[in-house]
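**Q** sequence below, structure please.
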Amino acid sequence: MSSILFLLFLIIVGCLGWGLWLRRSPSPEAKKQKYKALEARAKEGDIEAMYRFAELYYEDHDERYYPMIFKWVSILAAQKKDPAVWLLMGDLYNFASGTVRDAKRALSCYEQALSADIASGKNTDLTQEAHNYLEKQIIELRKEVFH
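**A** Numbering: from 1, shown residues only. All right, here's what the predicted structure looks like:
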């Protein structure tokens, strides 16, 4: 009897887990609608929507949307001196995410991110790890671009 109850318990827990997993993974159509709604807000000048595109690059890892992410992060970078945004722009150019790879532009973006990070002092959003990452990327890209 106890083994039947245990088996029943496992089935219930498994079904609940499966249901939660399905809820966490949006359908392709739901994901498409999410990006469209976000883009509509960004088109209206919503800075938070543009920042959300930046977050989605790191959260979603869906290459189909990289061109859209590149577009809105580029616009955001032109408007803000945010080191995190410039770091992302560098990554987009460096790893050809939503655009062609461009080592010179990636280097320029990373240098702008580092300058903005240093200029903001202790008020920066970048972690020490991100600061170190920027320095490493700059060194590697300078070798590539200037040699």
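
**Q** helix or strand next in line after the helix or strand of the chain with the lowest mean pLDDT, which one?
**A** Lowest mean confidence among the helices and strands of the chain (mean pLDDT, DSSP states H and E): helix 2-24, at a mean of 59. Per DSSP states H and E, helix 2-24 leads on to helix 28-43 as the next helix or strand towards the C-terminus.

**Q** next SSE after that following helix?
**A** Scanning forward in sequence from helix 28-43 by DSSP H and E, the next helix or strand is helix 47-60.

**Q** how about that next one: buried residues?
**A** 49, 50, 51, 52, 53, 54, 56, 57, 60 (16 or more other Cβ atoms under 10 Å). To be clear about C-beta, it is placed using only N, CA and C from the backbone, and glycine gets the same treatment.

**Q** residue contacts, the last one?
**A** When contacts are counted by Cβ atoms under 8 Å, 6 or more residues apart in numbering, residue 60 is found next to residue 31.

**Q** the same query, at a cut-off of 6 Å, please.
**A** Taking Cβ atoms under 6 Å, 6 or more residues apart in numbering, we find residue 60 in contact with no residue.

**Q** state the distance from it to residue 78.
**A** Plainly put, residue 60 is 23 Å away from residue 78 if you go by Cβ to Cβ, to the nearest Å.

**Q** Three-state assignment for residue 98, please.
**A** Three-state assignment for residue 98 (DSSP: H, G, I helix; E, B strand; the rest coil): coil.

**Q** any low-confidence regions in the chain?
**A** For the chain, the stretches with pLDDT under 70 are 1-25, 122.
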